[in-house]
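> Sequence first, then the predicted structure:
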Amino acid sequence: MKRILLFFGIALLILLSTHLNAQRHHHAIRKVVIDPGHGGRDPGAVGRNSKEKDIVLAIALKTGRYIEENMKDVEVIYTRKTDVFVELFRRAEIANESNADLFISIHCNANRSPAPYGAETFVMGLHRSQENLEVAKKENAAILLEDDYEVTYGGFDPNSPEAHVIFSLYQNAYLEQSLEFSKLVQDQFRERAKRHDRGVKQAGFLVLYKIAMPGVLIETGFISNPKEEEFLMSEQGQTYIASAIYRAFREYKENVEKAGYVQELARVPLAGTPEPARAENISFRVQFAASSEDLPLNSPEFRNLPQVMKYFHQGLYKYTSGNEPNLENAIRHKDGLVRKGFRDAFVVAFAGEDRIAIDKAVEMIQQQRLAN
């Protein structure tokens, strides 16, 4: 009898999936902003035969075209499509005004030595080395070309190491998602484009500071390295880099929407079954922030949030609100946090104090229902 009920439940979930597809927009990736760094009077890094602004524009346009041609449900928004100067704050405004789901800033690296080479991806956060600080200082120096930058950026001095130290302490609710996409980008660079993988890193970038969405800054290679400059200038090299970013975006979109679909699916109880019951040691919380630093639970940022807890996972301190016995309640709590401004909040599941996959938690609850 239990086996019959189990098969009935599975069949019913499959039938319900068509209806639930209409609800997936809450978790869908529908808009991506592609930001070619520098432009116009700001050349960016300058190599022997090239300028950063030209290389990254070519890569950005190729990346956007791959998305537009192969993912018809995604709108691509560019911060620039020609050789024009766009202020750093304006790039963030473009992303926020469009309510984008992901921000991708594309750059080239440079060094006083011609030896360094390879690709790396940065997220907003605390730099761990002098090298990461120097990359952030180089990219943030673009504000010196803007009018009234002292007022616009609250007195931030891109030439001051101390200013960067303070600024890079900023953390946001999108760190985990940004790190996830960054890893996918580096995987593609290494496995598909055959580039030297310099890893995923954190530093304080003004262009990422005020975006209200996950975002990354990609350093596609060093134009100060003659061999890598030649690759980045070539049609083939730009195609490889753009294809890698596109593939990473495609995988990221699939992962986000799959996770969102599981949450939406769990909203609909099986016909003829009681209200969702609490499985042994299973609970659901709403994650709203992640940080590389251990922030105290009485921090001012958490003051108006109920039941704030933290856990350490994949090298980050992650902060949650609420502790619900079923997924439906947790989703309602998540929707409330989104209305409060935590736009990227999402539900996570726990077995005791161990984080587990949402679908595994739902499966355990369904099994307990059938056992009862």
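That came through fine. Numbers count the residues shown, from 1 in each chain.
> how about the nearest residue to Glu180, chain neighbours excluded?
Nearest-residue entry for Glu180: Tyr252, 6.7 Å, with adjacent residues in sequence omitted and distances by Cβ to Cβ, 6 or more residues apart in numbering. To be clear about C-beta, it is placed using only N, CA and C from the backbone, and glycine gets the same treatment.
> Pretty sure the one you found sits against Asp187.
No - between Tyr252 and Asp187 there is no contact under Cβ atoms under 8 Å: 10.9 Å.
> Look at the two and report which has more neighbours.
Tyr252 (22 against 16; other Cβ atoms under 10 Å).
> Just after the host helix or strand of that one, pick out the following helix or strand.
In this structure, Tyr252 is located in helix 235-265 according to DSSP states H and E. Per DSSP H and E, helix 235-265 leads on to strand 282-291 as the next helix or strand towards the C-terminus.
> what does the next helix or strand after that following strand rub up against?
On the C-terminal side of strand 282-291, the closest following helix or strand by DSSP H and E is strand 308-313. Under the contact criterion Cβ atoms under 8 Å, 6 or more residues apart in numbering, strand 308-313 has outside partners 285, 294-295, 297, 302, 317-321, 323, 353, 355.
> Need these in JSON lines (columns: neighbour count).
Listed next are these as JSON lines, based on neighbours: other Cβ atoms under 10 Å:
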{"residue": "Arg285", "neighbour count": "24"}
{"residue": "Asp294", "neighbour count": "8"}
{"residue": "Leu295", "neighbour count": "14"}
{"residue": "Leu297", "neighbour count": "10"}
{"residue": "Phe302", "neighbour count": "17"}
{"residue": "Tyr317", "neighbour count": "16"}
{"residue": "Lys318", "neighbour count": "20"}
{"residue": "Tyr319", "neighbour count": "24"}
{"residue": "Thr320", "neighbour count": "24"}
{"residue": "Ser321", "neighbour count": "24"}
{"residue": "Asn323", "neighbour count": "16"}
{"residue": "Glu353", "neighbour count": "9"}
{"residue": "Arg355", "neighbour count": "18"}
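> which of these sit farthest apart?
Among the contacts of strand 308-313, the pair separated by the greatest distance (Cβ to Cβ) is Asp294 and Asn323, at 20.3 Å.
> buried sites along stretch 190-207?
In terms of neighbour count (16 or more other Cβ atoms under 10 Å), stretch 190-207 has its buried residues at 190, 193, 195, 197-198, 200-207.
> Out of the contacts of strand 308-313, which is nearest to Ile143?
Taking Cβ to Cβ as the measure, Ile143 lies nearest Leu295 of the contacts of strand 308-313, at 28.2 Å.
> residues in contact with the nearest residue to that closest one once chain neighbours are set aside?
Spatially, and ignoring its direct neighbours in sequence, Leu295 is nearest to Tyr317 (6.7 Å; Cβ to Cβ, 6+ apart). Remark: with contacts taken as Cβ under 8 Å, 6+ apart, Tyr317 is in contact with 290-295, 310-311.
> at 6 Å instead, please
If you count contacts by Cβ atoms under 6 Å, 6 or more residues apart in numbering, Tyr317 has them with 291, 294, 310.
> from those, which is closest to Arg90?
Nearest to Arg90 among the contacts of Tyr317 is Ser291, at 27.7 Å by Cβ to Cβ.
> Give the bridge partners for that closest one, please.
Ser291 forms beta bridges with Tyr317, as assigned by DSSP bridges.
> Can you name every helix or strand that whichever strand or helix holds Ala92 contacts?
Counting by DSSP H and E, the secondary-structure element that holds Ala92 is helix 88-97. Helices and strands touching helix 88-97, by 3 or more Cβ pairs under 6 Å, 6 or more residues apart in numbering; DSSP states H and E, are helix 206-209.
> try 7 Å this time
Counting contacts by 3 or more Cβ pairs under 7 Å, 6 or more residues apart in numbering; DSSP states H and E, helix 88-97 is packed against strand 31-36, helix 206-209.
> How about residues contacting the first one?
Residues outside strand 31-36 that contact it (Cβ atoms under 7 Å, 6 or more residues apart in numbering) are 56-57, 60, 63-64, 67, 74-80, 91, 94-95, 98-106, 207, 249.
> Tell me which strands that strand pairs with, and in which orientation.
Partner strands and pairing direction for strand 31-36 (DSSP bridges) are strand 75-78 (parallel), strand 102-109 (parallel).
> Most tightly packed of these?
Taking mean count of other Cβ atoms under 10 Å as the contact definition, the stretch among those with the greatest mean neighbour count is strand 102-109, which reaches a mean of 27.
> next helix or strand past that one?
strand 119-124.
> how close does Thr63 sit to Lys31?
Between Thr63 and Lys31 the computed distance is 15 Å (Cβ to Cβ, to the nearest Å).
> out of those two, which sits in the busier spot?
Of the pair Thr63 and Lys31, Thr63 is the one with more neighbours under other Cβ under 10 Å, namely 27 against 17.
> The more buried one: helix or strand, and which one exactly?
Thr63 belongs to helix 52-70 when assigned by DSSP H and E.
> And that helix, what's buried?
By 16+ other Cβ under 10 Å, the buried positions in helix 52-70 come out as 52-64, 66-67.
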